[in-house]
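S.K.: take this sequence and fold it.
(one chain, ligands or ions: 1)
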Amino acid sequence: MNLAPVTIGRLVHAARRARANAYAPYSRFAVGAAALAADGRIFSGCNVENGSFGLTICAERNALAAMIAAGQRPVAMAIVTRDGKATPCGACRQVLAEFAPDLPIILASETDDGITVHRLTELLPALFRFPPGGETSQK
Ligand code: THU
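M.R.: Got it, this is the predicted structure:
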């Protein structure tokens, strides 16, 4: 998928707006994510931390869940962090791959310098698929 610069700009803008609402009092590491649907709509999310720590939900999965609830599937996702260098965690990679194994992933910071575009296959080369090995191998 070839992402037009204007599309990347829209996605990064939405992810920055979501990041502003991140609830991250424990890590102080705010993350915003925005997922583009085939119909052009954008669904965003931020990380929501919890005092139990383990119940924290990442920005990427929150954005994806909002999109799935609206009946859409992701065609691209932008992730905004402090320096634009953080990649999605392993859990988020696997969850994103459920819907789009080769999803384009845009990484950005608060400035437009250094935006990079990656593919999910590059970040998660050996994803788990159910059933492993295909239908026939299921017991
Ligand atoms: N976080 C995300 O939102 N996305 C990621 O892919 C990695 C980590 C959040 C979780 C936690 O609130 C904070 O960043 C520090 O780990």
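
S.K.: tell me the predicted confidence for the residue nearest to residue 103 when sequence neighbours are not counted.
M.R.: Nearest residue to residue 103, sequence neighbours excluded (C-beta to C-beta, 6 or more residues apart in numbering): residue 120, at 4.3 Å. In short, each C-beta sits where N, CA and C put it, glycine included. Looking at residue 120, its pLDDT stands at 98.

S.K.: next up, the contacts around residue 120.
M.R.: Neighbouring residues of residue 120 by C-beta atoms under 8 Å, 6 or more residues apart in numbering: 93, 96, 97, 100, 101, 102, 103, 104, 105.

S.K.: same thing but at 7 Å, please
M.R.: Applying C-beta atoms under 7 Å, 6 or more residues apart in numbering to residue 120 gives the contacts 93, 96, 97, 100, 101, 102, 103, 105.
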